[in-house]
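Trainee: Sharing a sequence plus its predicted fold:
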Amino acid sequence: MTDHYLPGDPPIPLVLRRSARARRISLRISQLDGRVTLTLPKRVPEREAIGFALEKEDWIRKHLGARATEVAVGIGTSLPIGGQMHQVAAAEGRRVRFEDGRVLVPGAAERAGKRLGRHLKEIARARLAEASDHFATKLGKNYSAITLRDTRSRWGSCTSEGRLMFSWRLILAPPDVLDYVAAHEVAHLAQMNHSPAFWSEVERIYGPCKAPRLWLRREGSSLHRYKFDG
């Protein structure tokens, strides 16, 4: 992997990857972090890949410009929680609480984002454990553990040892989307693949899943725009 830049204002970082299976130069812009990746066949010179990117510069800048801008979470910020927009507001007391479309965060204003982030992770853990328990019971299989991470490449995973991993940002999504991801990963306890048999298990324990899958494809990347670390 080699880093280069597309000149201009601002310059755009380019990641070059070689692939023995690639037959031509291809270009991809990550919907999660805006990374521009060029994949090129093994023997194609790097200058050809850079030239290809230069030809596509207008397209690249248009797509990067259309990406959602990052939001630093703090007092006054609006963000989705459970698929519903809430405004972060200052509050007295000790506990974060929800009230009339607001999420009330006590303590120092400059630490509101971090405190809210910790609180949302706690809620996410409880909700995902509850959903995983529910779907595991319907499946007739047990999982061994649940961990939460802030993953950008996937919403969940399941290991052969039965360990489930989820992105805590699912708590920002509508409840049916969180439930679908939990059912998806639990179904891997029976089928460690994405075969027709796997999808049959997903629909058996969850139901039709086209809508939440489409939501994740269209809206999921927007959940990563909210920054809770100040």
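Mentor: Looks like it came in fine. As the structure is a prediction and not an experimental result, all values here were calculated from the model.

Trainee: rest of the way, CA atoms for contacts and neighbours
Mentor: Fine.

Trainee: longest helix anywhere in this structure?
Mentor: Once the chain is assigned using DSSP state H, the helix that runs over the most residues is helix 112-139.

Trainee: That one packs against which elements?
Mentor: strand 102-106, helix 175-187, helix 196-205 (3 or more C-alpha pairs under 8 Å, 6 or more residues apart in numbering; DSSP states H and E).

Trainee: What's the first helix or strand after that helix?
Mentor: strand 145-149 (DSSP states H and E).

Trainee: Quick check: mean pLDDT of that following strand?
Mentor: Predicted confidence along strand 145-149 averages 97 (mean pLDDT).

Trainee: For the residue most central in space within the chain, what are phi and psi?
Mentor: Geometric centre of the chain, nearest residue: R152, 4.8 Å, by C-alpha atoms, centre = their mean. Backbone torsions of R152, given as degrees, to the nearest 10, read phi -110, psi -10.

Trainee: picking up where we left off before, and the helices and strands packed on helix 112-139: which comes nearest R17?
Mentor: helix 175-187 (29.9 Å; C-alpha to C-alpha).

Trainee: Pull the distance from that closest one to the chain's centre.
Mentor: Centroid separation for helix 175-187 versus its chain: 14 Å, with C-alpha atoms, centre = their mean, to the nearest Å.

Trainee: What helices and strands are in contact with that helix?
Mentor: Where contact means 3+ C-alpha pairs under 8 Å, 6+ apart, helix 175-187 is packed against helix 112-139, strand 156-158, strand 163-167, helix 196-205, helix 210-219.

Trainee: Now distance to H63, mean neighbour count and mean pLDDT too, for those, in CSV please.
Mentor: Shown next, in CSV, are those (distance: least, C-alpha to C-alpha, whole Å; neighbours: other C-alpha atoms under 10 Å; pLDDT from 0 to 100):
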stretch, distance to H63, mean neighbour count, mean pLDDT
helix 112-139, 29, 18, 98
strand 156-158, 27, 19, 96
strand 163-167, 25, 22, 98
helix 196-205, 33, 17, 97
helix 210-219, 15, 13, 91
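
Trainee: want to throw those into TSV with distance to A182?
Mentor: Output for the helices and strands packed on helix 175-187, formatted as TSV (distance: least, C-alpha to C-alpha, whole Å):
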stretch	distance to A182
helix 112-139	6
strand 156-158	8
strand 163-167	8
helix 196-205	10
helix 210-219	12
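
Trainee: which one of the ones you listed lies closest to E185?
Mentor: Across these, closest to E185 is strand 156-158 (C-alpha to C-alpha), at 5.7 Å.

Trainee: and the closest one, how far out from the chain's middle?
Mentor: 13 Å.

Trainee: do stretch 112-123 as well
Mentor: The answer for stretch 112-123 is 17 Å, by C-alpha atoms, centre = their mean.

Trainee: again, but for stretch 82-95
Mentor: With C-alpha atoms, centre = their mean, you get 22 Å for stretch 82-95.

Trainee: Now do the end-to-end distance for it.
Mentor: 19 Å (C-alpha to C-alpha, to the nearest Å).

Trainee: Can you add distance to L14 and give the helices and strands packed on helix 112-139 back as TSV?
Mentor: Output for the helices and strands packed on helix 112-139, formatted as TSV (distance: least, C-alpha to C-alpha, whole Å):
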stretch	distance to L14
strand 102-106	39
helix 175-187	32
helix 196-205	36
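
Trainee: G156: which of these is closest?
Mentor: helix 175-187 (6.5 Å).

Trainee: can you tell me the helix or strand for S160?
Mentor: Using DSSP H and E, no helix or strand contains S160.

Trainee: ok, now which ones touch it?
Mentor: By C-alpha atoms under 8 Å, 6 or more residues apart in numbering, the contact set of S160 is L189, M192.
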